[in-house]
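This is a predicted model, with the sequence first.
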Amino acid sequence: MTTSQHCFDDTERATIYRAIALRRDMRHFTPSPPLPDDQLERLLQAAHAAPSVGLMQPWRFMRLSTPPWRERLIGIVEAERQRTADALGARGAEFLRLKVEGLRDCAELLGVVLAPDDGTVFGRLSQPREMAWCSAACAVQNLWLAARAENLGLGWVSMFDPAQLACALALPEGAEPLGLLCLGPVPRFYDQPMLEETGWRHARPLSEMLMAPPAP
Ligand SMILES: Cc1cc2nc3c(=O)[nH]c(=O)nc-3n(C[C@H](O)[C@H](O)[C@H](O)COP(=O)(O)O)c2cc1C
C-alpha cells in the first residue's frame, strides 16, 4: 500500500468518529429476514480483524437465528433477568420494566464464544483469562461499529448463566460463552444509551475518568 492509501482524509475521519458516536446498544429490532450472506460475512470479517493478545484470535461465532434456538435462549436469558431483578432489591421492579434484549425480533442472533485456551503466553502471562476476554471484546466492538456503519443495530446480551449456556451450545471443555448478539435492522437508533433514555443511569463525562498519576 502507498503512503496515501494508509491515510484517512477529513471526510473519512469524520465518518469514523460519527459511527463511534452514533453506535448504540440496541434492544428494539424490526422483525426481518436473515441478513444476506455477503453482509454477514463482511460484518464477521470486521470482527475477525480485531486485535488480540499474542494474535491468539480467541473469538468464535455461532449463528443461532433459527426459531427453536431463539426460544431456547429466551428461556435462559429470562431466568437470569429474574435473578438480576432479585439481586437488585429495591430497584428490581424498575429493572424488570426495562427491555434488556431483542432475541425474538432481531434478524440474526449470534453467540460469541471464547475458545478453549490455546496456551498463548505472549502478553498474557499474568492475566491469561482477562487478556483473552479483552481480545474477544475487541472483536465484538469491531462488529458493533461495522454494524452501525451498515445501519444495523447490535445488542450485546450478557444475561445468562454461563454454565447453562455452555451446556446448551455443547461448547468444548474450556470454552466460555461471552455474549448473545442481537443483530439487524432497527426501527430507530436511540439518541442516547437506552439506560439514559429510561433514566436508569446517567453516563459520566470523560473528565471524571482521567486520573492523575502519582509521582514516578
Ligand atoms: C459486555 C457487555 C455486556 C452487556 N450486556 C447487556 C445486557 O445483557 N443487556 C442489555 O440490555 N445491555 C447490555 N449491554 C449494553 C450496555 O448496557 C450499554 O452498552 C450501555 O448502557 C451504554 O449504552 P450504549 O452502548 O448505547 O452507548 C452490555 C454491554 C457490554 C459492553
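Structure's in. What do you need?

Assumed Cys182 was part of a strand.
Yes: according to DSSP: H, G, I helix; E, B strand; the rest coil, Cys182 belongs to a strand.

Now do the contacts for it.
Going by Cβ atoms under 8 Å, 6 or more residues apart in numbering, Cys182 touches 26-27, 29, 101-103, 106, 108-109, 153-155, 157. Using the backbone N, CA and C atoms, a C-beta is placed for each residue, glycine as well.

which residues touch the helix or strand hosting Gly75?
In this structure, Gly75 sits in helix 67-88 according to DSSP states H and E. Helix 67-88 has contacts (Cβ under 8 Å, 6+ apart) with 64, 92-93, 95-96, 100-101, 103-104, 109, 157, 159-161, 164-165, 168, 180.

Okay, the residue sitting nearest the centre point of the chain and the ligand: tell me how far apart.
Compute the mean C-alpha point of the chain, and by Cα atoms, centre = their mean the closest residue is Trp156, 3.9 Å away. According to Cβ to the nearest ligand atom, to the nearest Å, Trp156 and the ligand sit 4 Å apart.

Next: Asp37.
27 Å.

please begin residue numbering at 41 from this point
Renumbered: residue one is now 41, and that last one reads Asp77.

Tally up the residues packed near that residue, please.
Residues contacting Asp77 under the criterion other Cβ atoms under 10 Å number 8.

Look at Glu141 and say how many residues are nearby.
With other Cβ under 10 Å as criterion, Glu141 counts 23.

In this structure it contacts Trp196, no?
No: at 9.5 Å, Glu141 does not count as touching Trp196 under the criterion of Cβ atoms under 8 Å.

Which neighbours do these two have in common?
Residues touching both Glu141 and Trp196 (Cβ under 8 Å, 6+ apart): Leu220.

Which residues lie in contact with Gly193 in this structure?
Going by Cβ under 8 Å, 6+ apart, the list of residues near Gly193 reads 64, 66, 68-69, 142, 146, 187, 222-226, 229.
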